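1. Sharing a model that was predicted from the sequence below.
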Amino acid sequence: MELISTINLLTIVLLLFVVSKIWKACWILLLRPLMLSKRFKKQGISGPKYKILYGNLSEIKKMKKEADLCVLDPNSNDIFPRVFPQYHQWMSQYGDTFLFWTGTKPTIYISNHELAKQVLSSKFGFTIIPVKRPEVFILFGKGLSFIQGDDWIRHRRILNPAFSMDRLKAMTQPMGDCTLRIFEEWRKQRRNGEVLIKIEISKEFHKLTADIIATTAFGSSYAEGIELCRSQTELEKYYISSLTNVFIPGTQYLPTPTNLKLWELHKKVKNSIKRIIDSRLKSKCKTYGYGDDLLGVMLTAAKSNEYERKMRMDEIIEECKNFYYAGQGTTSILLTWTTMLLSLHQGWQEKLREEVFNECGKDKIPDTDTFSKLKLMNMVLMESLRLYGPVIKISREATQDMKVGHLEIPKGTSIIIPLLKMHRDKAIWGEDAEQFNPLRFENGISQATIHPNALLPFSIGPRACIAKNFAMVEAKTVLTMILQQFQLSLSPEYKHTPVDHFDLFPQYGLPVMLHPLG
Ligand code: HEM
């Protein structure tokens, strides 16, 4: 009798457990999305219909696949429909602000400049999206870009001095040396008697910026830097292909072929970083300690006794991964698209070369004082960042119920801020918003537009790019030296196919012709 009642009790408990799990699944997969859709509709925000589990991911995948097949006229800067076909379609159907579903996650697309500013400037309430996918940490490292709260404040405080203007002044020479090294490689590629050098320059810029970050931030060798770059580039491919798949927690531990490859690459990256750190630890000297570059700043922090100024060794390894990755991709993309624009606009290329020859001569490595005189180059880089800025969207998540303008955003909602669209908004930039016109920046950014925060390539607010000045000094150094030594033109093989590979990439690279000068 007693046994039967125990069994009954267990059955009831089990049933309750199963019912609660079914209820939770129904809530997450069905009821919550329906409830939130209604809540947003009341505020005048609608969007594509939610589909169980996948949300709108399948539609996004399909639209992107179709868009990837089209090739644009190189003179057209109307790239938004190709890069973000999903947002292009939904904006035309539902307006500037709409709701869509990343799996079961509600995501609000905000392209209004004032609302975007409020979200990005927020210190509390909107944070970077907490990362769930393990491949993100494998690729980027659990460093500054992904940490939050007190850890982020501590890291940002420790790392800021490594990017001060004083430090940057000392970096132009090594940046110039790396650039000369790659010029040597390019010249070697010239076949017998040929005047022109034909190269796929986006790959070359990737190698160059990897070398520059390895040299200036970590003091590591060219070979070590290139090895790290190779492993991270391969890791990146896995990450991009997984972006439109639904992530099932637990699958990261299964020895699938993809996971085995990810683990192998991760091990390679970690070992390279450990070798770079060990070599710096061994070379510590009495006068300069560990040095004042990024790695030196972090290793000095490892010895600090104050919690606010201390970094653990595991944190340093993660930051190395983070900075190594962040430091190579974005600037190489800025250089790539600027090269494309200057190849298409030969008149501007000539004007810039003249300015460079006047202010810096024909073979001098530029310094930071020279850069303040290169007004036209600054205008061209601003215009390049506006039309083809490497970071094309910024994401945030509401950690509590928030109000942005008239909008009520429930906790857990993601926000997408589409820089690519906002940077070509005719209402803000004028009728010629899609045109390459560096002259719009003749009297500074504030005079180029009607909104004070219209140009956001490095973002604004607490999480804005820590290395903005580093990136600009690097881009100006490389561009100045290219203009001194080569004339650029597009190869007839170039296909104008900008694509969203996390940053804005040319899908088939950028083949160009270099004509050595003098
Ligand atoms: C043209 C080049 C670059 C562009 C356009 C760019 C753009 C950005 C943007 C838009 C953000 C903010 C992302 C967000 O709010 O979610 C950011 C953050 C960041 N960037 Fe850059 N970046 C560039 C170069 C670099 C370089 C060269 C480095 C490293 C040496 C770097 C390191 C970082 C880091 C660590 C963060 C995270 C900052 C934080 O959360 O506190 N960036 N960058």
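-> Nice, I can see it.
2. is the ligand contacted by stretch 400-415?
-> No - contact of stretch 400-415 with the ligand (CB under 6 Å from any ligand atom) is absent, the minimum separation being 10.9 Å. Where you see a C-beta, it was placed from the backbone N, CA and C, and this is true even at glycine.
3. Make residue 1 into 17 and carry on from there
-> Fine by me, first position is 17 from now on; the one you just mentioned is stretch 416-431.
4. can you give me the end-to-end distance of that stretch?
-> 13 Å (CA to CA, to the nearest Å).
5. got the buried residues for it?
-> Within stretch 416-431, the residues scored as buried using 16 or more other CB atoms under 10 Å are 418, 420, 423, 425-426, 429-431.
6. Go through those and say which is closest to the ligand.
-> Here the nearest of those to the ligand, counting by CB to the nearest ligand atom, is Ile431; it sits at 10.9 Å.
7. so which helix or strand takes in the closest residue to Ile431 other than its chain neighbours?
-> Spatial nearest neighbour of Ile431, excluding adjacent residues (CB to CB, 6 or more residues apart in numbering): Arg412 at 4.5 Å. Applying DSSP states H and E as the criterion places Arg412 in strand 410-414.
8. which residues touch that strand?
-> Strand 410-414 is contacted from outside by 135-136, 138, 141-146, 425-433, 435, 472, 475, using CB atoms under 8 Å, 6 or more residues apart in numbering.
9. Close to the ligand: what parts of the stretch 117-266 of the chain are there?
-> For the stretch 117-266 of the chain, the contact set with the ligand under CB under 6 Å from any ligand atom comprises 144, 160-161, 172, 229.
10. Who wins on neighbours among the residues you listed?
-> For those, the largest number of neighbours (other CB atoms under 10 Å) sits with Ile229, at 28 neighbours.
11. quick one: secondary structure of that one?
-> Following DSSP: H, G, I helix; E, B strand; the rest coil, we place Ile229 in the helix state.
12. How about Leu530?
-> At Leu530 the chain is in strand, as set by three-state DSSP.
13. Pull the contacting residues for it.
-> 202, 212-215, 502-504.
14. again with Ser475
-> Counting by CB under 8 Å, 6+ apart, Ser475 touches 136, 407, 410, 481.
15. May I ask you to name the longest helix in this protein?
-> Longest helix of the chain, by residue count under DSSP state H: helix 329-360.
16. Could you pull out the strands in the stretch 67-216 of the chain for me?
-> 113-118, 121-126, 142-143, 213-216 (DSSP state E, counting those that start in this stretch).
17. want to throw those into CSV with mean neighbour count, distance to Thr195 and mean pLDDT?
-> CSV is the format used below for the strands of the stretch 67-216 of the chain (neighbours: other CB atoms under 10 Å; distance: least, CB to CB, whole Å; pLDDT from 0 to 100):
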stretch, mean neighbour count, distance to Thr195, mean pLDDT
strand 113-118, 22, 40, 97
strand 121-126, 22, 39, 97
strand 142-143, 20, 38, 90
strand 213-216, 17, 14, 94
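18. Quick one, which of the ones you listed gets closest to Thr188.
-> For Thr188, the closest of the strands of the stretch 67-216 of the chain is strand 213-216, at 24.0 Å, according to CB to CB.
19. elements contacting that closest one?
-> helix 188-204, strand 527-532 (3 or more CB pairs under 8 Å, 6 or more residues apart in numbering; DSSP states H and E).
20. out of those, deepest packed?
-> Most buried of the helices and strands packed on strand 213-216, by mean neighbour count (mean count of other CB atoms under 10 Å): strand 527-532, with a mean of 18.
21. Would you mind measuring from Thr274 to the ligand?
-> 26 Å (CB to the nearest ligand atom, to the nearest Å).
22. what pLDDT does that residue get?
-> According to the prediction, Thr274 has pLDDT 78.
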